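Asker: Sequence first, then the predicted structure, then my questions.
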Amino acid sequence: MKASVNEDCIGCGLCEGTCPDVFEIGDEGVATVIVDEVPEDAEDSAQEAADGCPVSAITVE
């Protein structure tokens, strides 16, 4: 499973708070994915972060 963040990100931090093993707010003030592959034990929280993103900037597949 892979995660990505698109250019619509507003840097609210919800994803980092929900799934810090996969997302962090970078130096530019927007979310970045910090792993190549979502760890199996973080798949549910990564999907929760995607579902909760207020601007639908996260894709998890």
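Answerer: Looks like it came in fine. Treat the numbers as computed from the prediction; the structure is a model and nothing was measured.
Asker: Could you export stretch 3-13 as CSV, CA atoms only?
Answerer: Extracted in CSV, the C-alpha atoms of stretch 3-13 (Å, rounded to 0.1, in the frame of the first residue of the first chain):
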residue,chain,number,x,y,z
ALA,A,3,0.2,6.9,0.2
SER,A,4,0.5,10.2,-1.6
VAL,A,5,-0.3,13.8,-0.9
ASN,A,6,-1.3,16.2,-3.8
GLU,A,7,-0.9,19.9,-4.2
ASP,A,8,-4.3,20.6,-2.6
CYS,A,9,-2.8,20.1,0.8
ILE,A,10,-3.4,23.0,3.2
GLY,A,11,-1.1,21.7,6.0
CYS,A,12,-3.8,21.3,8.6
GLY,A,13,-1.8,18.5,10.3
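Asker: how distant is that stretch from the center of its chain?
Answerer: From the chain centre to the centre of stretch 3-13 is a distance of 7 Å (C-alpha atoms, centre = their mean, to the nearest Å).
Asker: contact partners of it?
Answerer: If you take C-beta atoms under 8 Å, 6 or more residues apart in numbering as the criterion, stretch 3-13 is touched by 15, 22-23, 25, 29-33, 35, 38, 46, 50, 54-60. The way it works is simple: take the backbone N, C-alpha and C, and place the C-beta from them, glycine included.
Asker: Can you list which of the residues you listed are found in strands?
Answerer: By the criterion of DSSP state E, membership of the contacts of stretch 3-13 in strands covers 23, 25, 31-33, 58-60.
Asker: Grab the longest helix from the protein for me.
Answerer: helix 43-52 (DSSP state H).
Asker: quick revisit: ok, of the ones in strands among the contacts of stretch 3-13, which come out buried?
Answerer: The neighbour-count test (16 or more other C-beta atoms under 10 Å) marks 23, 25, 31-33, 58, 60 as buried among the ones in strands among the contacts of stretch 3-13.
Asker: which residues touch Glu61?
Answerer: By C-beta under 8 Å, 6+ apart, the contact list for Glu61 reads 1-2.
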